[in-house]
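Novice: sequence below, structure please.
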Amino acid sequence: MKFSAALAFTDPDQYLPLAKACDEAGIWAVACSDHVVHPRQISSPYPYTTDGSPRFKPQTAFVDPFVAIAAMGAVTERLRFFTNIYVLPLRHPLGVAKQLASITSLIGNRVALGMGVGWMEEEFELMGADFRTRGKRADEAIDIMRGLWESEPEWFSYDGKHYQLPEIEMTPRTSEPVPIYVGGISEFAYKRAARLGDGWISDLMTTAEVGAAIERIEHWRAHYGTQDKPFEYIVSCSDAINADGFARLEDLGVTSVLTMPWVYTRGFTEELDERLAGITDFAEQVLSKQ
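Specialist: Okay, the predicted model is just below:
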């Protein structure tokens, strides 16, 4: 079992010291969240809470995840990074492809794109992106990015419903494919992960809910003929808090638990020193027994 650290809602000053501590402790990856703006008035319901209210408040720090990953990658050696979740159809795929290829050329192949289609219609409107077509555009964006990253052919073109590109090339290209993990807990997300993804990222779920989601994704992987491809199951689990709980997740097919490692011994602290000590505790009490 691998473990990933969630840096959502973290003070920007803590990113680099936490990344270095995770790298030294042997944590597999850290995850960075994404939003561009927070409108004062939001009518779009947040899909992951019972009352539709976001888990974060205005003035919560959302560092641009690609900037954060590049900075953390420069001060670490083994630690991997992924976004959780990057709102892909909020942007044009050419810009996203360029950023990811540039990061990997600087820090190596330690980056994955955790993507979703988004939920906040107001943010799409402010960014000039069509909320209604976000799913289809995300699918095309994945095709475009992978085409631009490939070493062959020399020139790439695309003729889709939402994106049309003449023959172009983008340098630097990636020396290895950037993994794309699909986030979400809808049937649409499960199908997209199975059809186009290299993995799936959950929301906070119980072990039983994780098992049901994996069953659905494996159903669709069989349907699309993608079961032979390597696939990451990255989950946040509310009732897996010890070795037995992690073992049950592993038996279901989970490959990485996404958590806040300091919570297990230091609680939901925002103090950097306590978080760093909690990462050390986690390495001694959990990682050393894996």
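Novice: what's the per-residue pLDDT of the nearest residue to Ser186 once chain neighbours are set aside here?
Specialist: Of all residues not flanking Ser186 in the chain, Pro47 sits nearest, at 7.8 Å (C-beta to C-beta, 6 or more residues apart in numbering). (Each C-beta comes from the backbone N, C-alpha and C, glycine too.) Note for Pro47: predicted pLDDT of 84.
Novice: check the one 10 residues further on too.
Specialist: Model confidence at Lys57, given as pLDDT, is 83.
Novice: same thing with Asn242?
Specialist: 88.
Novice: burial count for it?
Specialist: By the criterion of other C-beta atoms under 10 Å, Asn242 has 10 neighbours.
Novice: can you map out the strands along the chain?
Specialist: Assignment of strands within the chain using DSSP state E yields the ranges 2-6, 29-32, 80-83, 86-87, 111-116, 156-159, 164-168, 180-183, 199-205, 232-237, 256-259.
Novice: by contact count, what packs against the longest one?
Specialist: Right, the one you point to is strand 199-205. strand 180-183, helix 187-196, helix 207-224, strand 232-237 (3 or more C-beta pairs under 8 Å, 6 or more residues apart in numbering; DSSP states H and E).
Novice: apply 10 Å and report the result again.
Specialist: Helices and strands touching strand 199-205, by 3 or more C-beta pairs under 10 Å, 6 or more residues apart in numbering; DSSP states H and E, are strand 80-83, strand 111-116, strand 180-183, helix 187-196, helix 207-224, strand 232-237, strand 256-259.
Novice: mean neighbour count added to those, as CSV?
Specialist: Listed next are the helices and strands packed on strand 199-205 as CSV, based on neighbours: other C-beta atoms under 10 Å:
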stretch, mean neighbour count
strand 80-83, 26
strand 111-116, 26
strand 180-183, 25
helix 187-196, 20
helix 207-224, 17
strand 232-237, 23
strand 256-259, 23
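Novice: need these in a markdown table (columns: distance to Leu287 and mean pLDDT).
Specialist: What follows is the helices and strands packed on strand 199-205, written out as a markdown table (distance: least, C-beta to C-beta, whole Å; pLDDT from 0 to 100):
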| stretch | distance to Leu287 | mean pLDDT |
| --- | --- | --- |
| strand 80-83 | 15 | 98 |
| strand 111-116 | 20 | 98 |
| strand 180-183 | 22 | 98 |
| helix 187-196 | 27 | 97 |
| helix 207-224 | 20 | 98 |
| strand 232-237 | 17 | 97 |
| strand 256-259 | 11 | 97 |
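Novice: can you name the residues in contact with stretch 154-172?
Specialist: 89, 92-94, 97-98, 101-102, 104-106, 130, 133-134, 136-141, 143-150, 153 (C-beta atoms under 10 Å, 6 or more residues apart in numbering).
Novice: what count of nearby residues applies to the residue lying closest to Phe268 once chain neighbours are set aside?
Specialist: The shortest distance from Phe268 to any residue other than its chain neighbours is 7.5 Å, reached at Met260 (C-beta to C-beta, 6+ apart). For Met260, the neighbour count with other C-beta under 10 Å is 20.
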